[in-house]
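Student: sequence first, predicted model second:
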Amino acid sequence: GSSFLMAVVNNGGTGPHVDGEDWVDGCCCVAPFGSDWTGGELAFRDLGLAFDLHPGDVIFFRSAELVHENLEIKGNGQRRSIV
């Protein structure tokens with residue numbers, strides 16, 4: 001496998017997906033940043049879970065195996081993530 005760093009801009013949600021180019025045995029790390037947003041939860045509908053992440057939070061998950069999405073951002077805030 002290999003590792004890479006990218007900045008992902010989450011505006012308006014992403015829709016359900018798996019990251020097919022990610023290493024199957026690896027984990028994706030997401031750390032959100034921005035200001036004054038509501039919504040935008042990282043959701044795993046198949047698992048019945050949604051995480052309301054904010055600056056300072058970090059989450060690891062198997063992005064090549066788990067269907068995930070960012071729910072819609074509400075209001076005028078801005079949410080971005082380092083992935």
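Tutor: It's in.
Student: would you confirm that residue 13 contacts residue 73?
Tutor: Yes. Using Cβ atoms under 8 Å, residue 13 is in contact with residue 73, at 7.0 Å. Placement of C-beta: from N, CA and C, glycine included.
Student: find residues that contact each of these two.
Tutor: residue 40 (Cβ atoms under 8 Å, 6 or more residues apart in numbering).
Student: these two - which one has more neighbours?
Tutor: Set residue 13 next to residue 73 and count neighbours by other Cβ atoms under 10 Å: residue 73 wins out with 19 against 15.
Student: name the nearest residue to that one, sequence neighbours excluded.
Tutor: With Cβ to Cβ, 6 or more residues apart in numbering as the criterion, residue 73 has its nearest non-adjacent residue at 4.5 Å, and that residue is residue 40.
Student: repeat that for residue 55.
Tutor: residue 33 (5.1 Å).
Student: what is whatever helix or strand the one you found lives in packed up against?
Tutor: Per DSSP states H and E, residue 33 falls inside strand 28-35. For strand 28-35, the packing partners by 3 or more Cβ pairs under 8 Å, 6 or more residues apart in numbering; DSSP states H and E come out as strand 59-61, strand 78-82.
Student: so after the first one, what's the next helix or strand?
Tutor: Looking back up the chat, that one is strand 59-61. strand 69-70.
Student: below-threshold pLDDT in this structure: ranges please.
Tutor: Residue ranges of the chain with pLDDT under 70: 1-12.
Student: identify the bridge partners of the residue nearest to residue 74 when sequence neighbours are not counted.
Tutor: Residue nearest to residue 74 in three dimensions, not counting chain neighbours: residue 39, with 3.9 Å by Cβ to Cβ, 6+ apart. Counting by DSSP bridges, residue 39 is bridged to residue 73.
Student: pull the number of nearby residues for residue 39.
Tutor: Residue 39, neighbours per other Cβ under 10 Å, totals 15.
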